[in-house]
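Q: A structural model of the following input is requested.
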Amino acid sequence: MKSLSITLGVALALSGTAFAATAPAVPAAAPKAPPAWVAESNQNAQILLKTMADFAPEQAGQFGVDGLDGEATNLTLDSVQRLDAAVDVDITQLNAKLATATDPHVKQDIQILIDAAAGVKRDNDLSSKYLLTFVDAPQLVFGGTRALIDPQVPLERQQKVVQRLEAYAGMKPGRPSIFDQAKALFEADLKRDPKLLGPYQAEIAQDLEDQPQYIAGMKELLSSSKVTGWEAAWAKLEPEMNDYIAWEKSVVVPHARATSRLPEAIYANNLKDLGVYEDPRALIQEALFSFSEIQHQLDGMAILVAKQKGYKSSDYRDVIRELKKQQLSPTNILPFYKKRLGEIEAIIRKEHIVTLPARSMVIRLGSAAETAQQPAPHMNTPRLIGNTGEYGEFVLPNNAGQKGGMDDDTFDAAAWTLTAHEGRPGHELQFASMIENGSSIARGVFAFNSANVEGWALYAEAEMQPYEPMEGQMIALRDRLLRSARAFLDPMVNLGMISPDDAKAFLEREVVLSPAFAKEEADRFAFRAPGQATSYYYGYHNFLTMRAQAQVALGAKFDRQKFNDFILSQGLLPPDLMTKAVTEEFIPSQK
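A: Residues are numbered from 1 along each chain as shown. You can find the predicted model right below:
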């Protein structure tokens, strides 16, 4: 379920993107002066930001709201009721603003804010109706600590982590520890209605496996930092975390549900929150067709690659297995990806695909604890409020060469697509564009939806594919095949049409994923983020449709680079508003 630390309908834990408070040490481009209406819109957004700061200060701080580094989530028994009441007040204020607004962009942004606030109430209502409130408190504490302890975060801000740890540990007057609060929420729900659904058994098993790594990772972060005075809070916090793990085993595990399947109302709501506005059964049918079509494309490409490489078999599955044998050494992964980024940037500029900034992009390896929290390659996105030149980081998991680890992206042919997706022209460029173009808070924070973010990244992969070597193009198709598979396997798992284990086996067999990656995917469908995996295919479909509409309307006047730059300039609009912007702004401007 969505823990109470995830509020205001903002998906902060997307696979492929994660918010971080880091500020990579790269030259900052001077942001463009934002349009005049942005100032008015940003003032309206303060209404919801205040509520976010009150109920999820760690996440508000990661977005860039100042003054929250020492604050921590407070999970009181009436948290949901207080949040609902606060959101009701916010909606009333926003409706009043909407009634007097005159600028169409401001009005659109106010509606985004109202929709985000309404989504909070919808999420809370459904969770209270169906689910026991379970919070992975050790992960919450690790995330709140990791957000501040980073060499690139100013030391005076890092020092605030001591206050945050004290709050987590229950060292503030009249405030129990986050672990006692999380226990009380679960047990209160259990008493209120024993028929409420507990977390999925496999979810708890994964939590229990990962939590010791969070504890070790936090201690390592603190010990290697320049923060002083953290030891007393840690001395109280560490046994509390271990006690929480023991409590999970004794209290939560017996109430864990055997099946991953969520109530259909919750799953449908998940899709809506993610920007996927389609019936899951219709999505299954569309994605099955797409999967079959991409398989045929892979068949043809495999024949060419097998002939070029001298492989015995031209079956696409066998060709992918052969390509994966050329694994990069763990010490060579990072420099290889940096080199590949340079090659991609040269192609983007030569082919006029999209406008690139002059500054460099950051790529790094994640720590062991970061890798446990986010086992797949991902983009740590920068603060979107009050940004002073901070940019995102492309983080590679630090598990290459480990027994049972992933081998899916640590070979030459895979680096083309992964770098295009997470880096440029994908996630990194999308978030950098919002910073440099001065996007409104409503469009950068509260319109945030997975369909836009992941759809753009998959679209970016497709933009690069024609210019890659044949083996790179083949892995681009493999990854597109995976996105189509996600779009029917995720709803099938959540509608009880296939088990997570069978979904995992299908991905290993037909998409040639490693067992570790296939498990991560099946876990995503079942409990890590039910519904999120559909957003790649759905968002990609939307971007291709919008582009085709522009091409039909403009004919020979259509300019790819201008179209792509326009899309990036719009921030993270949901699909319907992005389509409206293309038809009502971009197309007329080009005519």
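
Q: wasn't L572 part of a strand?
A: No: assessed by DSSP: H, G, I helix; E, B strand; the rest coil, L572 does not belong to a strand; its assignment is coil.

Q: surely it is in contact with A451?
A: No: contact status for L572 versus A451: not in contact, 9.7 Å apart, counting by CB atoms under 8 Å. Just so you know, the C-beta spots here come from the backbone N, C-alpha and C atoms, and that holds for glycine as well.

Q: wait, is T371 part of a helix?
A: Yes: read with three-state DSSP, T371 is one of the residues of a helix.

Q: for I91, see how far away the nearest residue to it once chain neighbours are set aside is.
A: Leaving aside its sequence neighbours, T371 sits nearest to P397 (CB to CB, 6 or more residues apart in numbering; 4.5 Å). According to CB to CB, to the nearest Å, P397 stands 40 Å off from I91.

Q: next up, phi/psi of I363, please.
A: Taking degrees, to the nearest 10, you get phi -130, psi 130 for the backbone angles of I363.

Q: for it, give me its contacts.
A: If you count contacts by CB atoms under 8 Å, 6 or more residues apart in numbering, I363 has them with L334, Y337, K338, L341, E393, F394, V395, L396, G423.

Q: picking up where we left off before, neighbours of the residue nearest to T371, how many?
A: Other residues within reach of P397, judged by other CB atoms under 10 Å, total 23.

Q: doesn't G366 make contact with it?
A: Yes: the pair P397 and G366 qualifies as a contact (CB under 8 Å) at a distance of 5.7 Å.

Q: any common contacting residues for these two?
A: Q374.

Q: distance-wise, check the residue nearest to T371 relative to D407.
A: Using CB to CB, one obtains 12 Å as the distance from P397 to D407.

Q: kindly report the same for L155.
A: From L155 over to D407 the distance is 39 Å, taken as CB to CB.

Q: neighbour count: these two, which is higher?
A: The residue with more neighbours, out of L155 and D407, is D407; 19 against 11, by other CB under 10 Å.

Q: just confirm that one is within a helix.
A: No: assessed with three-state DSSP, D407 is coil; it does not lie in a helix.

Q: my guess is it meets Q327, correct?
A: Yes: with contacts defined as CB under 8 Å, D407 counts as touching Q327 at a distance of 6.0 Å.

Q: would you state the strands of the stretch 1-150 of the chain in chain order?
A: For the stretch 1-150 of the chain, strands defined by DSSP state E, counting those that start in this stretch occupy the ranges 17-19.

Q: flag the shaky bits of it, pLDDT-wise.
A: Across the stretch 1-150 of the chain, the stretches falling below the confidence threshold (pLDDT under 70) are 1-33.

Q: and the pLDDT at the residue nearest to T371?
A: Here the pLDDT value assigned to P397 is 80.

Q: likewise the one 3 residues further on?
A: Model confidence at A400, given as pLDDT, is 59.

Q: equivalent analysis for the one 10 residues further on, please.
A: Among the per-residue scores, T410 holds a pLDDT of 91.

Q: where's it relative to K519, distance?
A: The value you get for T410 to K519, if CB to CB is used, is 17 Å.

Q: comparing the two, which residue is more hemmed in?
A: Under the neighbour definition other CB under 10 Å, T410 and K519 were set side by side, and T410 has more, 26 against 21.

Q: of the contacts of I363, which is the nearest to E322?
A: The nearest member of the contacts of I363 to E322, counting by CB to CB, is Y337 at 21.5 Å.

Q: show me the shaky parts of this structure.
A: In the chain the weaker segments, taking pLDDT under 70 as the threshold, are 1-33, 152, 373, 388, 399-404.

Q: the strands in it, which residues?
A: With strands called from DSSP state E, the chain shows them at 17-19, 362-365, 378-381, 393-396.

Q: among those, which is nearest F446?
A: Nearest to F446, of all the strands of the chain, is strand 17-19, at 13.8 Å by CB to CB.

Q: now do the same contact list for A526.
A: Under the criterion of CB under 8 Å, 6+ apart, the neighbours of A526 are Y200, A202, E203, S260, V493, P500.

Q: actually, M474.
A: The neighbourhood of M474, defined by CB under 8 Å, 6+ apart, consists of L298, M301, A302, V305, Y316, V319, I320, L323, A413.

Q: out of the strands of the chain, which comes closest to P34?
A: With CB to CB, the closest approach to P34 among these belongs to strand 378-381: 19.0 Å.

Q: may I have the closest one exported as CSV, CA atoms only?
A: Output in CSV follows, covering the C-alpha atoms of strand 378-381 (Å, rounded to 0.1, in the frame of the first residue of the first chain):
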residue,chain,number,x,y,z
HIS,A,378,17.6,4.8,-12.0
MET,A,379,17.7,8.6,-12.1
ASN,A,380,18.0,10.5,-8.9
THR,A,381,16.2,13.6,-9.9
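
Q: what pairs with it, parallel or antiparallel?
A: Strand 378-381 has its sheet partners listed here by DSSP bridges as strand 17-19 (parallel), strand 393-396 (antiparallel).

Q: contacts for the last one next, please.
A: Counting by CB under 8 Å, 6+ apart, the neighbours of strand 393-396 from elsewhere in the structure are 18, 20, 22, 24, 333-334, 337, 361-366, 370, 374, 377-380, 409, 419, 422-423, 427-428.

Q: ok, back up a step: do you know how far the residue nearest to T371 is from I333?
A: As it turns out, when the distance is counted by CB to CB, P397 lies 10 Å from I333.

Q: just the ones of the contacts of M474 in helices?
A: Taking DSSP state H as the definition of helices, these contribute L298, M301, A302, V305, Y316, V319, I320, L323, A413.

Q: using CSV, lay out those residues together with neighbour count and distance to I178.
A: Compiled in CSV, the ones in helices among the contacts of M474 are given as follows (neighbours: other CB atoms under 10 Å; distance: CB to CB, whole Å):
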residue, neighbour count, distance to I178
L298, 22, 48
M301, 21, 51
A302, 23, 51
V305, 24, 52
Y316, 27, 48
V319, 25, 50
I320, 24, 44
L323, 21, 46
A413, 22, 44
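
Q: a markdown table please, covering the residues you listed and showing distance to L568.
A: Output for those, formatted as a markdown table (distance: CB to CB, whole Å):
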| residue | distance to L568 |
| --- | --- |
| L298 | 30 |
| M301 | 29 |
| A302 | 34 |
| V305 | 33 |
| Y316 | 33 |
| V319 | 34 |
| I320 | 32 |
| L323 | 32 |
| A413 | 27 |
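
Q: tabulate the contacts of I363 (CSV), appending neighbour count and distance to G143.
A: What follows is the contacts of I363, written out as CSV (neighbours: other CB under 10 Å; distance: CB to CB, whole Å):
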residue, neighbour count, distance to G143
L334, 16, 24
Y337, 23, 25
K338, 17, 27
L341, 21, 27
E393, 25, 16
F394, 24, 19
V395, 24, 14
L396, 21, 19
G423, 27, 23
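
Q: now, which of the residues you listed sits nearest T228?
A: Comparing the contacts of I363 against T228 with CB to CB picks out E393 as the nearest, at 26.4 Å.

Q: partner residues bridging that closest one?
A: E393 has the following beta-bridge partners by DSSP bridges: V362, N380.

Q: P154 versus that one, what's the distance?
A: When CB to CB is the yardstick, E393 and P154 sit 17 Å from each other.

Q: likewise F411?
A: As judged by CB to CB, F411 and P154 stand 38 Å apart.

Q: equivalent analysis for R483, please.
A: When distances are taken as CB to CB, R483 and P154 turn out to be 39 Å apart.

Q: equivalent analysis for S250, please.
A: If you go by CB to CB, the gap between S250 and P154 works out to 42 Å.

Q: equivalent analysis for A147, please.
A: Between A147 and P154 the distance is 13 Å, computed by CB to CB.

Q: who's more crowded, these two?
A: Regarding A147 and P154, a neighbour count based on other CB under 10 Å identifies A147 as having more, with 21 against 10.
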